[in-house]
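> Structure for this input, please:
(2 chains)
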2 protein chains.
Amino acid sequence: MATFTDIGVAAAMNILSALGFLMAFALLRLQPINGRVYFTKWYLNGERSSRTHSGTFIHKFINLNPRSYLRFLEWMPAALKMSELELIEHAGLDSAVFLRIYLIGLKIFIPITVLAFFVLVPVNWTNSTLKNLNSIQYSNIDHLSISNVPAGSQRFWVHLVMAYVFTFWSCYVLLKEYKIVMAMRLQFLASVERRPDQFTVLVRNVPPDPDESVSELVEHFFLDNHPDHYLTHQVVYNANKIAKLVNEREHMENWRDFYQLKYDRNPSKRPTIKTGFWGLYGHKVDAIDFYVSKIDKLSKEEATKQENIKTNPKHIMPAAFVSFRTRWGAAVCAQTQQTRNPTLWLTEWAPEPRDIYWQNLSISFVSITIRKLIVAVAFFFLTFFFMIPITFVQSLANIEGIEKVAPFLKPLIEVPVIKSFIQGFLPGIVLKIFLILLPMILMLMSKFEGFVSLSALQRRSASKYYIFLLVNVFLGSIIAGTAFEQLNSFIHQSANEIPKTIGVSIPMKATFFITYIMVDGWAGIAGEILRLKPLIFFYLKNLFLVKTEKDREKAMDPESINFATSEPQIQLYFLLGLVYAAVTPFLLPFILVFFALAYVVFRHQIINVYDQKYETAAAFWPDVHGHIITALVISQLLLLGLLSTQHAAKSTPLLIPLLVLTIWFHRFCKNRYEPAFVKYPLEEATMKDALEREREPNLDLKAYLRDAYAHPAFKKREDDDKVAGDEAELESIWCPPSTSHASGHQSPASSAAHHHRPYLMLSKNSDSTPYTTLIDSILPFFRIQTHDFIINRQIFIN
Amino acid sequence: MATFTDIGVAAAMNILSALGFLMAFALLRLQPINGRVYFTKWYLNGERSSRTHSGTFIHKFINLNPRSYLRFLEWMPAALKMSELELIEHAGLDSAVFLRIYLIGLKIFIPITVLAFFVLVPVNWTNSTLKNLNSIQYSNIDHLSISNVPAGSQRFWVHLVMAYVFTFWSCYVLLKEYKIVMAMRLQFLASVERRPDQFTVLVRNVPPDPDESVSELVEHFFLDNHPDHYLTHQVVYNANKIAKLVNEREHMENWRDFYQLKYDRNPSKRPTIKTGFWGLYGHKVDAIDFYVSKIDKLSKEEATKQENIKTNPKHIMPAAFVSFRTRWGAAVCAQTQQTRNPTLWLTEWAPEPRDIYWQNLSISFVSITIRKLIVAVAFFFLTFFFMIPITFVQSLANIEGIEKVAPFLKPLIEVPVIKSFIQGFLPGIVLKIFLILLPMILMLMSKFEGFVSLSALQRRSASKYYIFLLVNVFLGSIIAGTAFEQLNSFIHQSANEIPKTIGVSIPMKATFFITYIMVDGWAGIAGEILRLKPLIFFYLKNLFLVKTEKDREKAMDPESINFATSEPQIQLYFLLGLVYAAVTPFLLPFILVFFALAYVVFRHQIINVYDQKYETAAAFWPDVHGHIITALVISQLLLLGLLSTQHAAKSTPLLIPLLVLTIWFHRFCKNRYEPAFVKYPLEEATMKDALEREREPNLDLKAYLRDAYAHPAFKKREDDDKVAGDEAELESIWCPPSTSHASGHQSPASSAAHHHRPYLMLSKNSDSTPYTTLIDSILPFFRIQTHDFIINRQIFIN
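Numbers count the residues shown, from 1 in each chain, chains lettered A, B, ... in the order given. As a prediction, the model looks like this:
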């Protein structure tokens, strides 16, 4: 078992690697050339651009000011400086509330840690159970844990009381936080500008009718049933085919721009290309004309197909976005049942346009029910049979295990440094690798279940991921490890004994989880800020693919908070903290460090890098709350199991009321606060409607809503036309070095580094046509690789 | 253990007692004097009255026609003759749908019984496991059961397949039935006349406001948020004090009527009474004047108090009935959230006026949450600690147990008849006595939880009662009995083994449950039709209390379907049937007899006796459905437990998909059909609104709704004034023997017996004032005793 020394070594290594990451980040972010990687958000906001002040050529790429290197941690206070209100304005409510999860971690665990160290540690330490034992299975960390209290001791009363105190404190914090977040959400919704989704309801499962088209059907139905409120509607088309054409056309347009640029700079020679495969052979033709004609052809094809889709009923889905005259009308329609048959004419709030997952809009009710069953079964198998490889690998990662399997490695492994490395790093890394593959599968499952908004998909995946982490990482690690250590005693136990076994094993696995926290929580979070992957990809793209300014925009990968994976990972720390609070308080400081570091890092990322694709006004909070409550309940159950094996018969049953109270608290919160995240109160709607009538009595709402819910493939075309215009405009002001127009709205965090951003020249291979064509053909491959990581970022990029 | 002979004896006894009850009923119902007990419903409908054709005096009391006695079972076909549509018209949808529960029982179990006897019985019978065993613990019934199949036999595949077939068949029937009931409900709601509750929403938790009264607050709020739809509202008063006064006044009025009648018949002498305690001493005064003056005084006091209540804000509850111009408006308001704070301004459909439980209207949200917790904990203790006495008594009721406790009784017990009696009757009776006390406690708990309608209280109590029966009667009987029989093997088992133990014990408890079914299901149901308690009470009241015609009306106790106790009891039979279908098919015919008999008996009772106090349009169906599904799941779990102990390792895990499918089926039905029982679709509302506008364009809805939701104590006064008028009218047509005006609308069941109903004379002690006063003082005592049995019948009687 790991000792203090092992943990010391692991901690040192992890702290070093974390510091290394932070140092590297500090150096890299100061280089102007990396601006688009580390200050993506500001570029997207338009408050920072490629064209900056004049300066020497070299200044455009490298920061030569030595003083700025001395303050390599200056980003930390800068990240904390922005107030929450500014943050909401800058990055949206979702991001601001997401950060509060880390804050809750600090709020819950700082007092718990203090209390645990002042009360529980002395209580545990002043026993001598482990000294008397033949303590092979125990490390000296366990002297601080509940394992050191002799069975049947009256001291367990202290742990019991502490469990009550910890639970009450956690619930108090959760209650307060729920209140605050609810207020923030309502405030946000009340202050938010007019948005199409406030007036719009998504109707699904429109029943087929032989005499009427979907559009007519929808109109008649809502004119009948909401006569005073119905305004207009938009049928949903299955436009996936067009989307493909649009992508191709955009690709061609990019090439056209590229050659146009080339020609503009060197008007003496019109660029040419070969028409054959990959531009390697064939006729030489004028490049600009070639692409212009191709674009023309594609545009025409697109227009025909669009017409075809709009008229062919086969492409019309039995769903529609129905808009109302007032928010009141929409609120009413979204919350009520329309017809006798509760599986037809299903209404719900329309997600905001960017948030819609178009593919799922046409799935029927029965199909969804069956899909849910299939996914539930599949998820069950995924969760429970995933454990087999994890158990196997982890058992190998155990020193004794490796020595048994491969005795010839023994001399190598017994070298103290390597031993510490294996014990400190390996189990955590094994776990981590398993976890990287998972979110994509879970997201696919959620998509299959038929949710219609990206945010719902994220929430759903997060819940699945949470269960998975719980079963496999938390319980799996405890049992698998224990299975190896207590092999004989474990195999022949009945299934009923498992909770007790887990409870008993918990103190023993403290060191494992400490190393896990250090690898995943400390070094991992520090790695997050370095953004190594986006950095490398940005350079690769710049080197090979960037031809036009638009390409450079695309080469930036702002990423965003990936709720589906981040939230469950934070929740794992809550679970660990709550479970170990009463058992091995020594683990708590490690969790505190994680929460503090993660808070600063993600605050920085949210301010400077991440770009949320949609805004749900913190709709995910009930999930977060529910997961923490689950962690509380699990911690109580395991403590119950642990105490029941310690012959503390008098005190143990007293944990049951705590369990009941915790579950009751959850139900109370659910009834009291959750509706604010699901429904839209009529009073609010009335107030906003009245306000708007007063302010803009002549508003043409119908025009405002006309294309709000058009399929992105249809919309893209219009947007593109607009963007093309913008681009032309940009090009016209392009030659003179413009003054930075960002100074007014700048982020405090970026104020030190926002100067000297050079316009990156066309990369040197800009005229080696065959080569770029080759690269361009490889691009899809990269795209496939990164596809799943940026699932929910596509809409915005376009 | 009980053998075929034991069961034969028990069956004979139960059949005899059942026949005895039926015979007694057949005799009693033919006597005209019992008309008000056995044809209550027709009296209440006004289609049968006390004044009938002329005839000799004796004919008014006793049926002397010998032929009618020969056909003593003729009520059975008569009860089945009425079509379902007529039944709905006659007794309401609730009653008609309630009968369908018994029909479902027949639909599910007839095919299952046939299949089980053709497939499972041969499979079980042709083994010889039990013959080879030292079969002390097994009776010969077990030769037909799964116990007779040797462990590890391939024959368990048959049981497995049958479990699938039984489940699929049950689900199919349930699905079809859900569809039918939903259609019936929607049809009923669509065809039903205009009712106040269609336009009205109950608002609770109106927040206090220092500046405005509740009434003003409600008006302003709904004028703001439902400006186009709000019509009027009615504040809820706490009028419990008035209710007391009203009762006293009614009592006095009854006395006045009595003396008035006396005087009318003997105008020569004005009746007098003494004013002292119980009319035993004091001044002699004129009785009519005395009561008239008393009534006057009370009426005045009532008026003052009413005024006081209406003006004093202390008596105004923070709740109101808000009515809308259209059904659409009410449907919208009931289904939406009104304000930011989801615990204020809670809206829900108003129950129909007769269905309201007024006392609970003022309970606040937080209070309800806490009350629910308290009730949940209390119910848990009630359920699990109730088992201690039941276990104790049942263990005594076991032959071997009695012999051990009281060896001197051995010679007596060993007499074959007594032994059979003890084994056949006693356990069932013990159980039954326990169960009689329970419903009142459960109803009190449900009331404490704060439900606002009587029907919701009934449903809630039913669910509690179902859980109770499940744990205590079903599981409790199995484990307790087993505990006594397998004492040694049982005490030291771990908690995990209990499901297996139950599974194993199930076949052994078949005989116990067969006797239970016979006592409770056969004799009990036959006893139900005899209505012994109402019959005795009716005679007692007639003898001592009935002074006026109104009293006679009151002396009738029509009862009604007590959903809170009847439904869970039926569900117990579903549970037994489903559990034993694959284990001991021999039990199934007993259940079939129960369902068939109960169907006929309750159909008769619903047609001729019961009088439902309110109509919920079968709102209870989702509960019924859910309970049957629960029974299915339990049966599968227990079969799983049973098979897993029989070394049928290959087949057992295949039961798990069945479990998953069953639960999924439940969720599917819940989503698909339940909304029809909870929500009110807007399309329906619109249609009914449009229809009404066309039919009655000038309807004054406000006037129609004005007093619909007044507190019964306020309303009573007005009703009484009206009733008094009716009575006067009755009295005027009273002297000449009127012709029966019931012949047109007569029930087929009553056609043979509706003649010769005499008007019962004032009872002989009609002028013994002190005596009647005494009796009248005792009356409240009777009332208290029967209070809980007639909880939900009070409103109508008044």
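> and the top helix by length along chain A, what other elements does it pack with?
If you go by DSSP state H, chain A has its longest helix at helix A:156-191. With contacts defined as 3 or more CB pairs under 8 Å, 6 or more residues apart in numbering or on different chains; DSSP states H and E, helix A:156-191 has these neighbours: helix A:93-115, helix A:563-581, helix A:621-644, helix A:655-673, helix A:675-678, helix A:682-695. From N, CA and C alone the C-beta is placed, and that goes for glycine too.
> Would you tell me which of those gets closest to A:Phe537?
A:Phe537 lies closest to helix A:563-581 among the helices and strands packed on helix A:156-191, at 19.0 Å (CB to CB).
> Quick check: next helix or strand after that closest one?
Helices and strands here follow DSSP states H and E; after helix A:563-581, the next one along the chain is helix A:588-608.
> Next, the buried residues of that next one.
Going by neighbour count (16 or more other CB atoms under 10 Å in any protein chain shown), the buried part of helix A:588-608 is A:588, A:590-595, A:597-608.
> coming back round to it: which one of the helices and strands packed on helix A:156-191 lies nearest to A:His229?
It is, among those and with distance given as CB to CB, helix A:682-695, at 10.7 Å.
> what inclination does the closest one have with respect to helix A:156-191?
30 degrees (axes from the mean of the first three to the mean of the last three CA atoms, to 10 degrees).
> Taking the stretch 251-400 of chain A, what residue is nearest to chain B?
For the stretch 251-400 of chain A, the residue closest to chain B is A:Pro342, as judged by CB to the nearest CB, at 3.6 Å.
> Which residue, neighbours along the chain excluded, lies closest to that residue?
B:Pro675 (3.6 Å; CB to CB, 6 or more residues apart in numbering or on different chains).
> count of residues packed around the one you found?
By other CB atoms under 10 Å in any protein chain shown, 18 other residues sit near B:Pro675.
> and what of A:Gln569?
20.
> is it true that it touches A:Leu469?
Yes - contact criterion CB atoms under 8 Å: A:Gln569 and A:Leu469 qualify, at 7.4 Å.
> Can you report the mean pLDDT over the residues of stretch A:160-176?
Mean pLDDT, computed over stretch A:160-176, is 92.
> In three-state terms, label the residue located most distally from the centre of chain A for me.
Centroid-distance maximum for chain A: A:Ser268 at 50.5 Å, with CA atoms, centre = their mean. Of the three states, A:Ser268 takes coil under DSSP: H, G, I helix; E, B strand; the rest coil.
> How about the one 5 residues further on?
At A:Ile273, secondary structure determined by three-state DSSP is strand.
> just the helices in the stretch 1-150 of chain A please.
A:4-30, A:35-38, A:40-45, A:67-70, A:75-81, A:84-91, A:93-115, A:121-125, A:129-132 (DSSP state H, counting those that start in this stretch).
> Of all the ones you listed, which one is nearest chain B?
helix A:93-115 (16.0 Å).
> just checking, what packs against that closest one?
helix A:84-91, helix A:156-191, helix A:563-581, helix A:588-608, helix A:621-644.
> quick one: buried residues of the shortest one?
Going by neighbour count (16+ other CB under 10 Å), the buried part of helix A:84-91 is A:Leu87, A:Ile88, A:His90, A:Ala91.
> What's the separation between the closest residue to the last one other than its chain neighbours and chain B?
Of all residues beyond its chain neighbours, the one nearest A:Ala91 is A:Ile606 (5.1 Å), with distances taken as CB to CB, 6+ apart. When CB to the nearest CB, to the nearest Å is applied, the distance between A:Ile606 and chain B equals 27 Å.
> swap in A:Tyr610?
From A:Tyr610 to chain B the distance is 30 Å (CB to the nearest CB).
> Please list the residues of the stretch 651-798 of chain A that sit near chain B.
A:660, A:664, A:667-668, A:671-676, A:679-684, A:686 (CB under 8 Å from any CB of the partner chain).
> Before I go, just wanted to say thanks for your time.
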